[in-house]
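*Asks:* okay, structure incoming, though there's no sequence with it:
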């Protein structure tokens with residue numbers, strides 16, 4: 001029997017995880033639901049000496065990874081790896097794995113909803129009516145088929161968004177550091193062309209040292225006048241102060257953010273602006289996606305504890 005520590009969880013219970021882990025004959029130890037500090041996570045790991053760690057939002061530091069005697073896997077209950085010391089895990093021969101495709105439809109749906117909400121003025125019109133105004137003549141709405149979306153990052157989710165947006169009638173361009181072999185009707189472009197031709201920039205990027213603050217003042221200044229920025233990837237990809245400046249002085253007309261630098265306490269100066277729509281990092285979420293995520297994360301841990309490699313490794317041993 002192995003011990004599995006789950007550092008945190010963003011759902012009401014651990015029934016799915018426990019059924020899979022304990023059904024395979026192992027023991028599941030749960031940390032607090034809300035992600036604790038790195039020091040508290042390190043103490044939790046040191047106390048339980050697990051063979052596997054599962055983490056949602058909590059940081060799994062190099063110190064946490066170093067303490068167990070026989071750590072086989074650190075499993076991200078999600079996609080991004082910015083909260084896991086991957087290099088430290090690799091150095092000690094520990095697998096790091098994620099669930100890269102559980103929420104492709106949800107995140108792309110969320111991105112499309114944010115774009116269409118802007119095109120049709122859904123949020124500002126709702127706000128005005130609730131404040132007592134009824135002025136359809138003041139609406140300045142847009143026709144989808146007249147506009148171009150530039151997708152930054154053309155992986156699984158970027159491709160799903162492009163499929164849905166082209167179906168609605170928008171023209172779609174994309175940029176990726178590793179262009180796909182086939183992009184269908186989507187034209188792959190250089191970044192300068194993407195920015196100069198797009199009415200909407202949709203960010204689908206992981207958070208890495210290369211992408212942190214990629215969307216900065218210089219980036220935003222090259223966007224089209226009156227354009228929209230949508231970020232459903234990771235908050236720190238966008239420099240919040242630069243975004244405020246671009247909204248105040250141009251060229252941006254608006255932004256739609258599911259992720260914000262500094263969350264869960266993002267800058268109030270940013271998120272209270274009337275030209276921004278914000279959702280609390282929920283693009284990944286649906287009943288179906290969360291159930292799939294939890295089950296597949298636990299199954300990956302059981303697989304590795306049985307001596308098999310993970311189905312979705314994020315490092316090479």
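*Replies:* Done, it's in. A quick note: this is a predicted structure, and the numbers were derived from the prediction, not measured.
*Asks:* give the contact list for residue 150.
*Replies:* Residue 150 makes contacts with 172-175, 189, 194-195, 197-198, 200-202, as judged by Cβ atoms under 8 Å, 6 or more residues apart in numbering. C-beta here means a position set from N, CA and C on the backbone, and glycine is covered the same way.
*Asks:* quick one, helices of the stretch 151-300 of the chain?
*Replies:* 156-168, 191-197, 217-221, 240-249, 268-271, 287-305 (DSSP state H, counting those that start in this stretch).
*Asks:* any idea how far stretch 62-72 is from the chain center?
*Replies:* Computed by Cα atoms, centre = their mean, to the nearest Å, the chain-centroid distance of stretch 62-72 equals 26 Å.
*Asks:* could you do stretch 93-109 as well?
*Replies:* 10 Å.
*Asks:* just stretch 46-56 next, same as before
*Replies:* 24 Å.
*Asks:* of the contacts of residue 150, grab the buried ones for ChimeraX.
*Replies:* This is how ChimeraX selects the buried members of the contacts of residue 150, with burial counted by 16 or more other Cβ atoms under 10 Å:
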select :172,173,174,175,189,194,195,198,200,201,202
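*Asks:* pLDDT and distance to residue 46 added to the contacts of residue 150, as JSON lines?
*Replies:* Below are these laid out as JSON lines (pLDDT from 0 to 100; distance: Cβ to Cβ, whole Å):
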{"residue": "172", "pLDDT": "97", "distance to residue 46": "49"}
{"residue": "173", "pLDDT": "97", "distance to residue 46": "49"}
{"residue": "174", "pLDDT": "97", "distance to residue 46": "45"}
{"residue": "175", "pLDDT": "97", "distance to residue 46": "44"}
{"residue": "189", "pLDDT": "96", "distance to residue 46": "49"}
{"residue": "194", "pLDDT": "97", "distance to residue 46": "47"}
{"residue": "195", "pLDDT": "98", "distance to residue 46": "48"}
{"residue": "197", "pLDDT": "97", "distance to residue 46": "53"}
{"residue": "198", "pLDDT": "98", "distance to residue 46": "49"}
{"residue": "200", "pLDDT": "98", "distance to residue 46": "47"}
{"residue": "201", "pLDDT": "98", "distance to residue 46": "44"}
{"residue": "202", "pLDDT": "98", "distance to residue 46": "42"}
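*Asks:* what about the helices in the stretch 1-150 of the chain?
*Replies:* Using DSSP H, counting those that start in this stretch, helices in the stretch 1-150 of the chain cover 15-23, 38-48, 62-66, 86-91, 104-119, 122-130.
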